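[1] I'd like to go over a predicted model; first the sequence, then the structure.
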There are 2 protein chains.
Amino acid sequence: MGKALIIGCGAVASVAIHKCCQNSAVFDEICIASRTKSKCDALKAKLEKTTKTKIKTAQVDADNVEDLISLINDFKPDLVMNLALPYQDLTIMDACLATKTNYMDTANYEPLDTAKFEYKWQWAYRKRFEEAGITALLGSGFDPGVTGVFSAYAMKHYFDEIEYIDILDCNAGDHGYPFATNFNPEINIREVSAKGSYWEDGKWVETEPMEIKRVYDFPEVGKKDMYLLHHEEIESLALNIKGIKRIRFFMTFGQSYLTHLKCLENVGMTSIVPIDFEGKKIVPLQFLKAVLPDPASLGPRTKGKTNIGCIFKGKKGGVEKTYYVYNVCTHEECFAEVGSQAVAYTTGVPAMIGAMMLLTKTWNKAGVFNIEEFDPDPFMDALNKWGLPWQENFNPELVD
Amino acid sequence: MGKALIIGCGAVASVAIHKCCQNSAVFDEICIASRTKSKCDALKAKLEKTTKTKIKTAQVDADNVEDLISLINDFKPDLVMNLALPYQDLTIMDACLATKTNYMDTANYEPLDTAKFEYKWQWAYRKRFEEAGITALLGSGFDPGVTGVFSAYAMKHYFDEIEYIDILDCNAGDHGYPFATNFNPEINIREVSAKGSYWEDGKWVETEPMEIKRVYDFPEVGKKDMYLLHHEEIESLALNIKGIKRIRFFMTFGQSYLTHLKCLENVGMTSIVPIDFEGKKIVPLQFLKAVLPDPASLGPRTKGKTNIGCIFKGKKGGVEKTYYVYNVCTHEECFAEVGSQAVAYTTGVPAMIGAMMLLTKTWNKAGVFNIEEFDPDPFMDALNKWGLPWQENFNPELVD
């Protein structure tokens, strides 16, 4: 049916590529491109005998628009799936505009120097994508991504207006190490040391880092501590959900994880300022990464479940109602299927589904859109089919 | 009165040297020798205008017996004060035997490769020192050192037999950092990760690391958590105190200190096995030391008190009695006087006093001796005079 150029070959990209190859009826041909072509070639070698999807590979510098344009002109994809770093969203969008190619990603653009993520840079492309007659689908992972689809689905089927959304992201996986990080520890540290924020009554409310803590009894997982964080989908949902009064995002962290991170921060091991060590400048955080278990090594050892979902509270026909929709994944099952644990799996599967929506023209309008601006029903069906089945509860425990 | 060769120029040596220079009536002349002569020269420059004690300096490799012998032959001291690393006790004792020079130290010999400290290596020199007509005084710091003097004093004046000794070492100093170590963090880590042990009914009883915890209300300090550790003076006191049934050693550690140490151990930052980092072999513990505050920088910032002492329980004239004797030091006062905080001060002052006992021939017998084998009274008087006054309590709180 179509050709996708996939930029990136990390854990999330690997899951999405596995899923594209399971879905050859839609993905006739893919090209996997990254800075390190050998990683793409290795993945191709693993997958090509299992699939009818034709696989090519390429080397690309995603910071370089000309490089991207020449790759796109060469491969002529119907869609570019950006599964690289969020720092490269804009160069890839520029290359898509220049070649009139559809675009999608899983996380919004973040300038390298500010560490602040907002949609404003990507929303500034709206008019240009519309005029070019191409689609940009922003944030087709799980959160953002499925959380926006859940919101659109709730709105479409169960509510006249949604006043409250709580997004709950629980990872109850256990890798057996006293401390390890699922990806770059710098990003984990930034998460817990950044101020939190939520949307209320038309404006952002900022909190101290980890200031708001709740305990929630997650279905199939049990009671976990969770903390209010800023998260990017709040920004678009605040614009796109009618009647919204408050949107919050909570993520679970174990006490031991937080204690280790705090101690490492206290002694200076998370600092990004280089120190002199035996005549060499070394960034403590880089050294810490080298001492910690390689995130890629966690997959085969991680056991347990994730539970990510949204709790909605609003009105239908003048009557107050609540609705909780969530997905539960098991780390071991994800790893057995695609060689990655659930954190990458829950992001990579929706990336494939978003790409499928565009390639099949199920979602077909010109411009730059967040995921909740499309019809959620076909995406919700695809979640059930492609490995992220969801469950509903019309009388859930609410968060204070 | 006499000449002392002082080997070592670290924090404890610096305190002892300050004290020798305050006591010129006994210390006519000293020679400060260490691997790095410039450190010795700097200390000499600081002290020589304040004292009548004549100060020389020298470079020496204390691992090299020939080097030591030639330095001793050159300076012709009455006594060698070994304030260097405990790894060098035996080479220095060998050099003293070869030159018939008295010897003293503050901590017992420990082979570099076993991390096990015992007196057996030094006690093996007994006959040779006796035949040479010279004295070796082992362990003239605070613990070991003053704790042995306290024991001998209790025995001499208050007991017919001592059945129980609890040695309590409390450092309630606060340097204002979330985590820092007073000296080499490797030694701190070894302390808390080593199995504990105590002496009971004629044999060692081993405990898990930090297994036995007690809370004690220290005079002038207040309630602190303390943990049973192995400590070297238990070995000699078990031999030298009549009627002994049990000897234990407790040291205070704060919860935050222990948590930080545990987290650093968990992530591998305290490992002494090198890792490959950007083409260089780096020992994680060495890198951690480089990130942590320099122990030498803690002196001027440390506030609060230390309290180290012994609680005795035994019999006199058939009647049960208890006795607690302890010293309280204030970090700020120590720093103001000699430029080191109380941890170094409480070890360095008894080193000077032990040297004084030998130079003045107050303690004068040939052989290798632990400190409790000498008359404690002149040492106890000197503690009051030279900065470590002690206090007594005949009805103390006992440790369970």
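    Arrived safely, thanks for sending.

[2] Could you tell me which residues make contact with the residue of the stretch 101-250 of chain A found nearest chain B?
    For the stretch 101-250 of chain A and chain B, the shortest gap (C-beta to the nearest C-beta) falls at residue A:178, measuring 3.6 Å. In this view, the C-beta of every residue, glycine as well, is placed from N, C-alpha and C. Applying C-beta atoms under 8 Å, 6 or more residues apart in numbering or on different chains to residue A:178 gives the contacts A:256, A:260, B:263, B:266-267.

[3] Quick check: the gap between residue A:392 and residue A:384.
    12 Å (C-beta to C-beta, to the nearest Å).

[4] what about the two, which has more around it?
    residue A:392 (14 against 11; other C-beta atoms under 10 Å in any protein chain shown).

[5] Any stretches of the stretch 251-400 of chain A with poor pLDDT?
    Residue ranges of the stretch 251-400 of chain A with pLDDT under 70: none are present.

[6] Residues of it that sit close to chain B?
    A:259-260, A:263-264, A:266-269, A:271, A:275-278, A:280, A:282, A:284, A:287-288, A:290-292 (C-beta under 8 Å from any C-beta of the partner chain).

[7] ok, now with 6 Å
    For the stretch 251-400 of chain A, the contact set with chain B under C-beta under 6 Å from any C-beta of the partner chain comprises A:260, A:263, A:266-268, A:277, A:284, A:287, A:290-291.

[8] So which of these belong to strands?
    residue A:277 (DSSP state E).

[9] ok, which pair from the residues of the stretch 251-400 of chain A next to chain B is furthest apart?
    The largest distance within these, taken as C-beta to C-beta, falls between A:260 and A:277 and amounts to 22.5 Å.

[10] So the two - more neighbours on which side?
    Ranked by neighbour count (other C-beta under 10 Å), residue A:260 and residue A:277 place residue A:260 first, with 23 against 18.

[11] tell me which of the residues of the stretch 251-400 of chain A next to chain B is nearest to residue B:221?
    residue A:266 (24.5 Å).

[12] dump the residue contacts of that closest one.
    B:178-179 (C-beta atoms under 6 Å, 6 or more residues apart in numbering or on different chains).

[13] distance of it from residue B:260?
    7 Å.

[14] Between these two, which contacts overlap?
    residue B:179.

[15] Among the residues of the stretch 251-400 of chain A next to chain B, which ones are in helices?
    A:260, A:263, A:266-267, A:284, A:287, A:290-291 (DSSP state H).

[16] Can you pull the phi and psi angles for the residue lying closest to residue A:293 once chain neighbours are set aside?
    Nearest residue to residue A:293, sequence neighbours excluded (C-beta to C-beta, 6 or more residues apart in numbering or on different chains): residue A:180, at 4.5 Å. Note on residue A:180: backbone dihedrals following degrees, to the nearest 10 are phi -160, psi 160.

[17] Go ahead and confirm residue A:180 touches residue A:295.
    No - counting by C-beta atoms under 6 Å, residue A:180 sits too far from residue A:295 to count as a contact (7.4 Å).

[18] Would you check how far apart the residue in the stretch 301-400 of chain A positioned nearest to chain B and residue A:332 are?
    Per C-beta to the nearest C-beta, residue A:301 is where the stretch 301-400 of chain A lies closest to chain B, at 15.8 Å. With distances taken as C-beta to C-beta, residue A:301 is found 10 Å from residue A:332.

[19] Buried ones in stretch A:222-240, by neighbour count?
    Along stretch A:222-240, these residues count as buried under the neighbour rule (16 or more other C-beta atoms under 10 Å in any protein chain shown): A:224, A:226-238, A:240.

[20] nearest to residue B:343, of these?
    Of the buried residues of stretch A:222-240, the one sitting nearest to residue B:343 (C-beta to C-beta) turns out to be residue A:227, at 39.0 Å.

[21] what's the closest non-adjacent residue to the closest one?
    Using C-beta to C-beta, 6+ apart, the nearest residue to residue A:227 is residue A:210, at 4.9 Å.

[22] That neighbour contacts residue A:228, doesn't it?
    No - using C-beta under 6 Å as the test, residue A:210 is too far from residue A:228 to be in contact (8.1 Å).

[23] who are the neighbours in contact with residue A:345?
    Contacts of residue A:345 (C-beta under 6 Å, 6+ apart): A:15, A:334.

[24] quick one, phi psi at it?
    Dihedral angles (degrees, to the nearest 10) for residue A:345: phi -60, psi -50.

[25] That one and residue B:33: what is the separation?
    65 Å.

[26] what's the answer for residue A:54, then?
    78 Å.

[27] okay, the two: which has more neighbours?
    More neighbours surround residue B:33 than the other of residue A:54 and residue B:33, with 27 against 13 (other C-beta under 10 Å).

[28] Would you mind identifying the next helix or strand past the helix or strand the more buried one falls within?
    Following DSSP states H and E, one finds residue B:33 within strand B:27-34. Sequence-wise, the next helix or strand downstream of strand B:27-34 (DSSP H and E) is helix B:37-47.

[29] tilt between that following helix and strand B:27-34?
    150 degrees (axes from the mean of the first three to the mean of the last three C-alpha atoms, to 10 degrees).

[30] Low-confidence regions, the stretch 51-200 of chain A specifically.
    A:110-117, A:182-185.

[31] who in it is up against chain B?
    A:178-179.

[32] just the strands in the stretch 51-200 of chain A please.
    A:54-59, A:79-82, A:102-105, A:135-138, A:161-171, A:196-200 (DSSP state E, counting those that start in this stretch).

[33] partner strands of the second one, parallel or antiparallel?
    Paired neighbours of strand A:79-82 in the sheet (DSSP bridges): strand A:2-7 (parallel), strand A:102-105 (parallel).

[34] one step back: residue contacts, the residue nearest to residue A:293?
    Contacts of residue A:180 by C-beta under 6 Å, 6+ apart are A:292-293, A:298.

[35] Pairing partners for the most centrally placed residue in chain A in the sheet, please.
    With distances taken as C-alpha atoms, centre = their mean, the residue of chain A nearest its centroid is residue A:141 (3.7 Å). Using DSSP bridges, the bridge partners assigned to residue A:141 are residue A:145.

[36] Could you do residue A:29 as well?
    What pairs with residue A:29, by the bridge criterion (DSSP bridges), is residue A:3, residue A:54.

[37] just checking, it touches residue A:54?
    Yes - counting by C-beta under 6 Å, residue A:29 does reach residue A:54; the two are 4.2 Å apart.

[38] what about residue A:329, neighbour count?
    24.

[39] Helix, strand or coil: sort out it for me.
    Assigned by DSSP: H, G, I helix; E, B strand; the rest coil, the conformation of residue A:329 is strand.

[40] cool, and residue A:372?
    Assignment for residue A:372 (three-state DSSP): helix.

[41] distance of it from residue A:140?
    11 Å.

[42] cool, residue A:152 as well?
    Computed as C-beta to C-beta, the residue A:152 to residue A:140 distance reads 13 Å.

[43] between the two, which one's more packed in?
    More crowded of residue A:152 and residue A:140, by other C-beta under 10 Å: residue A:140, with 31 against 22.

[44] wait, doesn't the more buried one sit right on residue A:352?
    No - assessed by C-beta under 6 Å, residue A:140 is found out of contact with residue A:352, at 8.9 Å.

[45] between these two, what contacts are shared?
    With C-beta under 6 Å, 6+ apart as the test, residue A:140 and residue A:352 reach no residue in common.

[46] what sits against the residue nearest to residue A:220 when sequence neighbours are not counted?
    Among residues not flanking residue A:220 along the chain, residue A:328 sits closest, at 4.8 Å (C-beta to C-beta, 6+ apart). Contacts for residue A:328 (C-beta under 6 Å, 6+ apart) come out as A:220, A:305, A:307.

[47] I'd assumed residue A:214 was in contact with residue A:399.
    Yes - Residue A:399 is within contact range of residue A:214, at 5.4 Å (criterion: C-beta under 6 Å).
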